[in-house]
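Chemist: Predicted model and sequence follow; I will ask about them next.
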Amino acid sequence: MSKFDALFEPVTINKMVVPNRLVFEPMGNYYAELDGKASQRDCDFYAARGAGGCGLVITEICSVNRKHGRGDARNLLLDNDEAIPSFAEMAKAVQATGAKFAVEIYHPGCQGVPDLNEDGMTVSPSGQQTKLTMAPSRALGHDEVLGIIDDFVQAGIRVYKSGADAVELHCAHGYLLCQFLSPYTNHRDDEFGGSLEARAEIVRRIIEGIRQGTSPDFPILVRLTADEYLRMLGVDDGITLDMAVEFSKLFEQWGADAIDVSAGNYETMNWAWEPVGFDEGWKSENGKTIAAAVNIPVIACSVVRHPETALDLIEGGVAMVGSARQFFADPDWGNKVKAGYADQIRPCISCMRCIESLMAAHEDPFTPMVCSVNPEAGRECDLAPLEKDGVGRTLAIVGSGPAGLEAARVGSLRGFDVVVFERADEIGGQLVFAAKPPKKWRLRWLIEYYRTILTQAEGAGFGRVEFRCGTEATLEALRELNPAAVIWTAGSEPIKPASIPGLDLPCVLTPPEAIMADPALDGEQVVVVGSGMTGIEVAEMLSAKQGCHVELYEMLDQIGPGVFFQNMIDIMGRLGATDTGLHPGHKLLRVEEGKAFFEHEGAELEVPFDHLVLSLGMRPTGAPAWADELGVPVVAAGDSCGIGRIQEAVTGGYDAVRSVK
Ligand SMILES: Cc1cc2nc3c(=O)[nH]c(=O)nc-3n(C[C@H](O)[C@H](O)[C@H](O)COP(=O)(O)O)c2cc1C
């Protein structure tokens, strides 16, 4: 008996018996072939989530119409029978794990990509553009709506023919069916617009068409936006929870077998796939409210990361708990919780790297979707299982940031005795500082995850991991270990351009020094120079201190250059509530005691401060020249060989250890 047993009870949707309550929610990955067929990468990706303990695995968005329904060059496509065999392969791969498999069918409507569409336009109920992309859009004619209903029905029938266990209609996230449901985007005056029921008419016809073309037993799931949260942008005619309850009742009446509750649309994307500003479980009430209103199973996601949050949803009447990102980060989440190892879950840190990399695929369809904390995500089909060929050998790792910790994990899995040298008194490297700003505490989860699995590794039958904190990795110390290889992950150092005089003054701090400043910078005037994510986070953190006033300066014309827009919206929402001054277009010329001089629009400007935080990025330190004298391979990874974010560090550490012969 475990307190999480309720997560592992079977549940029935129509006649489909799902072995447990965990759903891998749809997650656009764009691993499909260019012709829209499912790839081997898809098969292995989804099968890994089934094998890891998700009872139900749902595919990414799968388009029903290539002429005006493309969201990306590498979407799954089910607008033709030729795609069916590849979907059958996906279904078989997932079902072989014991999980059930559903396909999510969709049309993006005005959230599509016009360049991929036949006439360079997107289509929508009333010609409205999404404010996120402002892609040109035209209103669908009445017959075209009938055609789209048929597209969905035929795609649903193809899902059935492929042997998948269920189909999910995507009526959420501001895509075409959601555009019909929402009074914000549907201003039609035919039978597909007007009252709440009329706006849902398109969904009724699709559900009934799929039902007629398949079987009474074939589960039809509907993914629904419970709330578009448009009121957060001052728009008052979006879908609200009250409306979603009414839609759910109608869908049930019309033959839907389950409701999969989500939120948001492209204009309110931060409420759909949330950055760090949103707490775990924040939207659980949406799922619980809909579950109380219908008699069919309800699936709900709510930034679920820990089993306690999942259990709260189940105890609140929700039948199944969904996550995309947590099961992307750790496909074995279910197995770990079931076996009592919830403390070994690799946590999703809501860093948004997955969605950022997915969006980069719009520029280059071969950009893989990646995960910051799981270097195997999406590479399941490329990576052979790790061999335990390190037994009896030692692996030395220098530095215990994310690259070093991941290297230690893989080294231990390979059976090496791992020794980690860490100059500081605790493990984590840059993560220790990065976890300090408000809302960034999830990074502590990552440190604790590594600490837990690495300290328990030997007991679990893997190689022993020894941390030598407060210890410099010298040539002698490394020689003494006689390691098979050294993984050099000693990190980076802050950039201090020699061309700017005064940067070595004591009043100039690096971001870690400012974050850890003792005594704190309470009551001070602080100037932060550089508005990348680190600079903005330091500004946010310091502005929360007692009486500390922050002015943020940026050389470029825009604050937050290179910061992913969802993270930018999130953090600027919080920073905007403080009195922090924002100064783009200011080039730092020199620093004197208590004064910074900037060039702005051709003039020189003097700014007084108590402390100045220089956040101009980092530079790799690289392995020292003496490392060659060791006579063993020295493999650099993480920031020590190329500055990146957590994803590059973790994947670099992983790949470095895999490369050791
Ligand atoms: C990279 C990414 C891709 C997504 N793709 C889809 C999708 O194809 N279809 C869909 O219904 N939801 C999609 N979602 C939304 C997720 O299914 C889920 O609702 C959302 O991520 C919030 O839950 P989570 O924090 O547990 O992942 C996507 C989310 C992300 C981050």
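Modeler: Done, it's in. Computed from a predicted structure; not experimentally measured.
Chemist: ok, whichever residue of the stretch 501-650 of the chain sits closest to the ligand - how many residues close by?
Modeler: The stretch 501-650 of the chain approaches the ligand most closely through Gln566 (9.5 Å), counting by CB to the nearest ligand atom. (Glycine included, C-beta is placed from N, CA and C.) When neighbours are defined as other CB atoms under 10 Å, Gln566 has 19 of them.
Chemist: my guess is it meets Trp271, correct?
Modeler: No. Gln566 sits out of contact with Trp271 when judged by CB atoms under 8 Å, with a separation of 10.6 Å.
Chemist: ok, back up a step: now the one helix or strand the residue of the stretch 501-650 of the chain closest to the ligand maps to: buried residues?
Modeler: Assigned by DSSP states H and E, Gln566 falls within helix 565-575. Within helix 565-575, the residues that count as buried by 16 or more other CB atoms under 10 Å are 566-568, 570-572, 574-575.
Chemist: before we move on, what about stretch 470-478?
Modeler: Applying 16+ other CB under 10 Å to stretch 470-478 flags 473, 478 as buried.
Chemist: okay, that stretch in PDB with CA atoms only?
Modeler: Output of stretch 470-478 as PDB, limited to C-alpha atoms (Å, rounded to 0.1, in the frame of the first residue of the first chain):
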ATOM      1  CA  GLY A 470      35.700  22.200  -1.200                       C
ATOM      2  CA  THR A 471      38.400  20.400  -3.200                       C
ATOM      3  CA  GLU A 472      40.500  21.700  -6.100                       C
ATOM      4  CA  ALA A 473      41.200  19.100  -8.800                       C
ATOM      5  CA  THR A 474      45.000  19.300  -9.000                       C
ATOM      6  CA  LEU A 475      47.200  17.300 -11.300                       C
ATOM      7  CA  GLU A 476      48.400  15.200  -8.300                       C
ATOM      8  CA  ALA A 477      44.900  14.500  -7.000                       C
ATOM      9  CA  LEU A 478      43.700  13.400 -10.400                       C
END
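Chemist: Give me the phi and psi angles of Ile345.
Modeler: Per-residue torsions, Ile345: phi -70, psi 130 (degrees, to the nearest 10).
Chemist: tell me which parts of the stretch 151-300 of the chain are close to the ligand?
Modeler: Residues of the stretch 151-300 of the chain lying close to the ligand by CB under 6 Å from any ligand atom are 170, 172-173, 223, 262, 273.
Chemist: Could you pull out the strands in the stretch 201-350 of the chain for me?
Modeler: 220-225, 258-262, 298-301, 320-323 (DSSP state E, counting those that start in this stretch).
Chemist: Same list (the ones you listed) but as a markdown table, adding distance to Glu406.
Modeler: What follows is the strands of the stretch 201-350 of the chain, written out as a markdown table (distance: least, CB to CB, whole Å):
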| stretch | distance to Glu406 |
| --- | --- |
| strand 220-225 | 34 |
| strand 258-262 | 31 |
| strand 298-301 | 27 |
| strand 320-323 | 22 |
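Chemist: Let me have those strands in JSON lines, extended by distance to Phe421 and mean pLDDT.
Modeler: As requested, the strands of the stretch 201-350 of the chain are exported to JSON lines (distance: least, CB to CB, whole Å; pLDDT from 0 to 100):
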{"stretch": "strand 220-225", "distance to Phe421": "49", "mean pLDDT": "98"}
{"stretch": "strand 258-262", "distance to Phe421": "45", "mean pLDDT": "98"}
{"stretch": "strand 298-301", "distance to Phe421": "41", "mean pLDDT": "98"}
{"stretch": "strand 320-323", "distance to Phe421": "36", "mean pLDDT": "98"}
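Chemist: can I get those in a markdown table with distance to Ala484 and mean neighbour count?
Modeler: Formatted as a markdown table, these follow (distance: least, CB to CB, whole Å; neighbours: other CB atoms under 10 Å):
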| stretch | distance to Ala484 | mean neighbour count |
| --- | --- | --- |
| strand 220-225 | 49 | 28 |
| strand 258-262 | 48 | 29 |
| strand 298-301 | 44 | 29 |
| strand 320-323 | 38 | 26 |
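Chemist: Give me the contacts around the helix or strand of the chain with the lowest mean pLDDT.
Modeler: Ranked by mean pLDDT, DSSP states H and E, the weakest helix or strand in the chain is strand 492-494, scoring a mean of 91. Here strand 492-494 makes contact (CB atoms under 8 Å, 6 or more residues apart in numbering) with 510-511, 614-621, 639-640, 643.
Chemist: Quick check: buried residues in that strand?
Modeler: Using 16+ other CB under 10 Å as the test for burial, strand 492-494 gives 492, 494.
Chemist: my read: Leu140 touches Ser124, true?
Modeler: Yes. The pair Leu140 and Ser124 passes the contact test of CB under 8 Å, sitting 6.9 Å apart.
Chemist: how about the residues of the chain that lie near the ligand?
Modeler: 25-28, 60-61, 104, 170, 172-173, 223, 262, 273, 301, 303-304, 323-326, 354-355, 358.
Chemist: Please list the members of these that lie in helices.
Modeler: Among the residues of the chain next to the ligand, DSSP state H puts 325-326, 354-355, 358 in helices.
Chemist: Neighbours of the residue nearest to Arg211 when sequence neighbours are not counted, how many?
Modeler: Excluding the flanking residues, the one nearest Arg211 by CB to CB, 6 or more residues apart in numbering is Gly255, at 5.2 Å. Residues lying near Gly255 (other CB under 10 Å) number 16.
Chemist: how close does whatever residue of the stretch 401-550 of the chain ends up closest to the ligand get to Arg468?
Modeler: The ligand sits closest to Arg442 of the stretch 401-550 of the chain, with a gap of 11.8 Å, by CB to the nearest ligand atom. Here Arg442 is placed at a distance of 27 Å from Arg468 (CB to CB, to the nearest Å).
Chemist: That concludes my questions; thank you for your assistance.
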